[in-house]
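J.: Structure, please.
(one chain, ligands or ions: 1)
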Amino acid sequence: MSFPTTRMRRLRRTEALRGMVREHRLAREDLVLPLFVVEGDGVREPIASMPGVHRYSVDQVVLEAKRVADLGVPAVILFGIPGAKDARGSGADASDGIVQRASRAIADSVPALCIVTDVCLCEYTDHGHCGMLKGEEVDNDASVERLARTALSHAQAGASIVAPSDMMDGRVAAIRRELDANGFEQVAILSYAAKYASAFYGPFRDAAESTPEFGDRRGYQMDPPNRREALREMRLDLEEGADMLMVKPALCYLDILADARREFDVPLAAYHVSGEYSMIKAAGERGWLDADRAMHEALVSIKRAGADLILTYAAADIAEQL
Ligand code: PBG
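T.: Residues are numbered from 1 along each chain as shown. Predicted structure coming up:
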């Protein structure tokens, strides 16, 4: 039956009607807030390239974690910016490293909050690559060993979920093995399975001081034009023992997310990355669009495409608005 019997506008007439037939909604439970942790005391330093986002010292990150938990956000993901960097990224798996201390402090003060940690070496290596180097190349297998140790140190510090973002082959299996061998069989792995070599990480690298000293990450992160390859990556990570899969970035890769939703039954996460966040914020500051509405629209599109969880710098703002 078509027009004039069918009129699509009938169910759009009022907010009540629109609400009744709305297919997707953002909920606080969907959100994971990324937090940057630095050395020092009393530090709450704004990040110029990410309006509204700060770097916190451990004492301050606890206060922020408490605030977002009170807003109903169930989880945070921690990124560390260490005081010193070296070739092997020693700070990544140090038991008194920046993320490990932050994680312990949050677990102590805000026990209800789920702590996720980003497992990668790029913030800890002096060359800025996500693994250990052999010449000018990232040495996969040596890096995997360091990443597994890093994940273990995060679990020991109170993380419930470890999220490897390095894109080395075989790291999920190695992390699972290391966790299980040390009594952390209950710690879950959220794999950044389909992570693309994206220009949209620009503001993050500024925030985390993790821009590679030479070259780029195209030798390990995925090539943006590839779609089928993402399913292979995700399948492999599931076989290796990932509990959840992530697609990153989100908005340019909604097709990948929709593919993954059709293909897999595990929970799916999408990372609405720094560049995606900052573009909206910057345009809002110039008065070119309504940033709150644009942010909401972007995030709900990620849910519509199939994500269960969304990692976003807007998590606290959105939770406040909901
Ligand atoms: C790597 C990592 C990156 C992001 C999350 N984990 C940066 C990269 O691969 O260069 C990017 C997140 C963002 O842009 O918001 N540890």
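J.: C-alpha only now, for contacts and for neighbours.
T.: Noted.
J.: these two touch, right, His272 and Leu311?
T.: Yes. The criterion here is Cα atoms under 8 Å, and His272 meets it with Leu311 at 5.9 Å.
J.: Pull the residues that contact the lowest-mean-pLDDT helix or strand in the chain.
T.: Lowest mean confidence among the helices and strands of the chain (mean pLDDT, DSSP states H and E): helix 202-208, at a mean of 91. Outside of helix 202-208, the residues that reach it under the criterion Cα atoms under 8 Å, 6 or more residues apart in numbering are 36, 47, 49-50, 55, 79-81, 123, 211, 273-275, 278.
J.: With stretch 71-81 instead?
T.: By Cα under 8 Å, 6+ apart, stretch 71-81 touches 28-39, 65, 69, 98-99, 103, 112-118, 123-124, 208-209, 315-316, 319-320.
J.: Check whether that stretch comes into contact with the ligand.
T.: No. Figure legend: stretch 71-81 not in contact with the ligand (Cα under 6 Å from any ligand atom); closest approach 7.6 Å.
J.: distance between that stretch and the chain's centre?
T.: 9 Å (Cα atoms, centre = their mean, to the nearest Å).
J.: Can you name the element that comes right after whichever strand or helix holds Ala173?
T.: Using DSSP states H and E, Ala173 maps to helix 171-181. The C-terminal neighbour of helix 171-181 among helices and strands, as given by DSSP H and E, is strand 188-195.
J.: which residues touch that following strand?
T.: 160-167, 172, 176, 221-222, 230-231, 233-234, 237, 241-249.
J.: Can you narrow the residues you listed down to the ones near the ligand?
T.: Checking the contacts of strand 188-195 against the ligand (Cα under 6 Å from any ligand atom), the matches are Ser165.
J.: Narrow the contacts of strand 188-195 to those in helices?
T.: 172, 176, 230-231, 233-234, 237 (DSSP state H).
J.: returning to what we had before: just among the contacts of helix 202-208, which is most surrounded?
T.: Gly80 (29 neighbours; other Cα atoms under 10 Å).
J.: Confirm that one sits in a strand?
T.: Yes. Gly80 forms part of a strand when assessed by DSSP: H, G, I helix; E, B strand; the rest coil.
J.: Run through the bridge partners of it.
T.: Beta-bridge partners for Gly80, by DSSP bridges, are Val37.
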